[in-house]
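**Student:** my questions concern the predicted model and sequence given below.
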Amino acid sequence: MANENQIVTKEKEASAAHGNERLFAFSDGVFAITITLLVLEIKVPEIAEELVATELPQALLHLVPEFVSHIISFFVLGVFWVAHHNMFGHIKKHDHVLLWLNIIFLLCVASIPFPTGLLGKYPNEQITVAIYAGMWAITAVVLELLWWYATTHGMVDQDTDPDFITFVHRHIRKAPIFYLISIGVSFFSLTISKFIFIAVAIFYILPNPLERKHYKTLARRFNQ
């Protein structure tokens, strides 16, 4: 009877995990399309042929804010893709709620080209900076909800270290705090607010000593 129960449990787990490859493919596809759409927000200047030599340099100079916002968004999207990828390395099952949380997260991701284009077009307006930061904050909150739901409903690998789960929670929660701070700062200095965007991207791209120590600890535990 015990063996039969184990078989049933394993079959349920396999059934619950079935289709994860489609979830991965869909998510990666949304990220890929969104990143492609970012550059389409930058329009090639239209200048009369006889004026190209004199007006093109100035026209390209006007595009600098759009290129900067494009580059920042590209790397931040990369940060979110890495986080999503790593999280689903531990999430082995899914249900209806998790799928829709993932879709809401992808909705946020797919919406990024608009605030990116808005910031590039109107870089010196407080409202565009606030919208841009607000969209990233919402995206981070939804990602945190996704991880919270998966970890509190038995959808992560049973061998996942509880300390690691807590570590991921804390790491994700820093992002919306940073972006909300940037919104507050934007009322006083748009330049500092924009530098916060860059600082957040660098913070998540470059592994800090605490992260390296944590992963080394986990590696030792799994090798024991």
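**Tutor:** All right, it came through fine. Please read all numbers here as calculations on a predicted model, not as lab measurements. Residues are numbered from 1 along each chain as shown.
**Student:** please count neighbours and contacts with C-alpha atoms only from this point.
**Tutor:** Fine.
**Student:** for the helix or strand containing Ile172, buried residues please.
**Tutor:** Using DSSP states H and E, Ile172 falls within helix 162-186. Along helix 162-186, these residues count as buried under the neighbour rule (16 or more other CA atoms under 10 Å): 165, 168-169, 172, 175-176, 178-180, 182-183, 185-186.
**Student:** how many other residues sit next to Leu60?
**Tutor:** Number of residues near Leu60 (other CA atoms under 10 Å) recorded here: 12.
**Student:** that one - that's part of a helix, no?
**Tutor:** Yes. Assigned with DSSP: H, G, I helix; E, B strand; the rest coil, Leu60 falls within a helix.
**Student:** next up, the contacts around the residue nearest to the spatial centre of the chain.
**Tutor:** Nearest to the geometric centre of the chain sits Phe80, at 2.1 Å (CA atoms, centre = their mean). Phe80 is in contact with no residue at all, counting by CA atoms under 8 Å, 6 or more residues apart in numbering.
**Student:** what helix or strand does it sit in?
**Tutor:** When elements are defined using DSSP H and E, Phe80 is found to belong to helix 64-87.
**Student:** got the buried residues for that helix?
**Tutor:** Burial within helix 64-87, assessed by neighbour count using 16+ other CA under 10 Å, is assigned to 65-67, 69-81, 83-84, 87.
**Student:** same question for that helix, mean pLDDT?
**Tutor:** Predicted confidence along helix 64-87 averages 90 (mean pLDDT).
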